[in-house]
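*Asks:* what would the 3D arrangement of this be:
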Amino acid sequence: MTSTILQLSEPFGRVAYRVAGQGAPVLLIHGVGMQSAAWGPQMDALSATHRVIALDMPGHGGSDPVAADADLPVFVAWLDAVLTALGLGPVNLAGHSMGAMIAGGYAACHPDKVARVALLNGVFCRSPEARQAVIARAEDIRKGRFDLQTPLKRWFGDSPIEQAALDKVAGWLSSVDNDGYATAYAAFAAGDSTYADRFSSIACPLLALTADGDPNSTPAMAHAMAEAAQNGRAVVLAGHRHMVNLTDPDAVTDALREWLETPAAGKDAA
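*Replies:* Next up, the predicted model:
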């Protein structure tokens, strides 16, 4: 696995990413507060058959931040700049949480540049009550009132594998730049329905995967995303929460392998 810096033109600056393997490209985008290392189990497994590229989102890891008022479309534009600079497309695109929002928005806006899209623990059309709660958390983060324990309690249970994953995630959350985190979280809080009415234009294979214990990326949301797309499939893993790619890595990798083997055609194709 190699760590690399890519220099983009203004306004995006430097992008840090990890790359491993050879073959058709799979590009991975992590969630708010994380970094490309959060995809470790999937990079290790999928790089046996694919060229796997895991990005550090703006303001995370080694990537430069975007403007403090950036909304979800800015992050989608950032991804387009990355893929253009890397000369990739059509690409297999997967995102987790905020990364799933970016990936879904990108597939809706640039269908010719996406072969397949996978949305892990994605958020889609929150209820008014849930939206208000996440907007309030975004404001707390913006003001520097970040409580590390609250998301960890929400994301993890008490099993040994969950506690091992919790330790890694706590380290990433503790090291993230607060301004970059606040900007991304604000876009995450406001972006759950930004591209919802354009999911019907996504014709490539779409995987919407979540866990039955995730209160924010619910099974109902996964099914709604899959049903909105032309060639969608929902997978709900039992007994896990938000960081399912770390707490049930084999099941997530198996789902991604099946997704990568799905012919890149719409529902109506032969």
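
*Asks:* would you list every one of the strands in the chain?
*Replies:* Along the chain, the stretches classed as strands by DSSP state E are 2-7, 14-20, 25-29, 51-55, 91-96, 114-120, 206-211, 232-237.

*Asks:* which of these sits closest to D250?
*Replies:* Closest of these to D250 is strand 232-237, at 10.5 Å (criterion: CB to CB). For the C-beta atoms, the positions are set from N, CA and C on the backbone; glycine is no exception.

*Asks:* so can I have JSON lines of the strands of the chain showing mean neighbour count?
*Replies:* Converted to JSON lines, the strands of the chain look like this (neighbours: other CB atoms under 10 Å):
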{"stretch": "strand 2-7", "mean neighbour count": "12"}
{"stretch": "strand 14-20", "mean neighbour count": "19"}
{"stretch": "strand 25-29", "mean neighbour count": "26"}
{"stretch": "strand 51-55", "mean neighbour count": "25"}
{"stretch": "strand 91-96", "mean neighbour count": "27"}
{"stretch": "strand 114-120", "mean neighbour count": "27"}
{"stretch": "strand 206-211", "mean neighbour count": "28"}
{"stretch": "strand 232-237", "mean neighbour count": "20"}
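
*Asks:* closest one to A81 among the ones you listed?
*Replies:* Nearest of the strands of the chain (CB to CB): strand 14-20, 8.3 Å.

*Asks:* and that closest one, which strands flank it?
*Replies:* In the sheet, strand 14-20 lines up against strand 2-7 (antiparallel), strand 51-55 (antiparallel) (DSSP bridges).

*Asks:* quick one: it to strand 25-29, angle?
*Replies:* 130 degrees (axes from the mean of the first three to the mean of the last three CA atoms, to 10 degrees).

*Asks:* in the stretch 151-270 of the chain, where is pLDDT below threshold?
*Replies:* Filtered on pLDDT under 70, the stretch 151-270 of the chain yields the residue ranges 265-270.

*Asks:* so which residues of it form helices?
*Replies:* With DSSP state H, counting those that start in this stretch as the criterion, the stretch 151-270 of the chain has helices at 160-175, 178-190, 219-228, 244-247, 249-260.

*Asks:* done for today, thanks.
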